[in-house]
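*Asks:* One predicted model, sequence on top.
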Amino acid sequence: MDCIFCKIVAGEIPSTTVYEDELVYAFRDINPMAPTHILVIPKEHLGSVNDITPYNSAVVAHIFEVIPQIAAAENLTGGYRVVSNCGQDAGQTVHHLHFHILGGKELSLQMA
């Protein structure tokens, strides 16, 4: 599989690790859209939100348990945004399920 996020999880491509456990990997986005921009991904390859099933949804629940821990560690006390793009029209450029944590400033309410 030629997935950049799978290669990051495997250590084949360097990244700045923010959090890691047996199911989840979180790292800093190389093209940040906010002062804090972290990507949280399942270590298992899932293409997008469309690939979540009753058989693998526990990893997504775990991601949402981890996100507040990451936000607290990053001192995002004023709030943060969690975004997942699904498909080309939504702007998904890497087809590995991932959630963006954006914060560190007041974010615009404008939707792209």
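*Replies:* Happy to help now that I have it.
*Asks:* Tell me the helices and strands packed up against the longest strand seen in the chain.
*Replies:* With secondary structure taken from DSSP state E, the chain has its longest strand at strand 36-42. Packing partners of strand 36-42 (3 or more Cβ pairs under 8 Å, 6 or more residues apart in numbering; DSSP states H and E): helix 4-9, strand 24-28, helix 57-73, strand 99-103. C-beta: built from backbone N, CA, C; applies to glycine.
*Asks:* Need these in TSV (columns: mean neighbour count and distance to Leu109).
*Replies:* Conversion of the helices and strands packed on strand 36-42 to TSV gives the following (neighbours: other Cβ atoms under 10 Å; distance: least, Cβ to Cβ, whole Å):
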stretch	mean neighbour count	distance to Leu109
helix 4-9	18	29
strand 24-28	20	24
helix 57-73	14	19
strand 99-103	21	13
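*Asks:* now the ones you listed as a markdown table including mean pLDDT?
*Replies:* Shown next, in a markdown table, are these (pLDDT from 0 to 100):
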| stretch | mean pLDDT |
| --- | --- |
| helix 4-9 | 97 |
| strand 24-28 | 98 |
| helix 57-73 | 98 |
| strand 99-103 | 97 |
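*Asks:* Nearest to Thr36, out of these?
*Replies:* Of all those, it is strand 99-103 that lies closest to Thr36, at 4.6 Å by Cβ to Cβ.
*Asks:* Tell me which residues are up against that closest one.
*Replies:* Strand 99-103 is contacted from outside by 26, 29, 33-41, 63, 67, 70-71, 74, 76, 78-84, using Cβ atoms under 8 Å, 6 or more residues apart in numbering.
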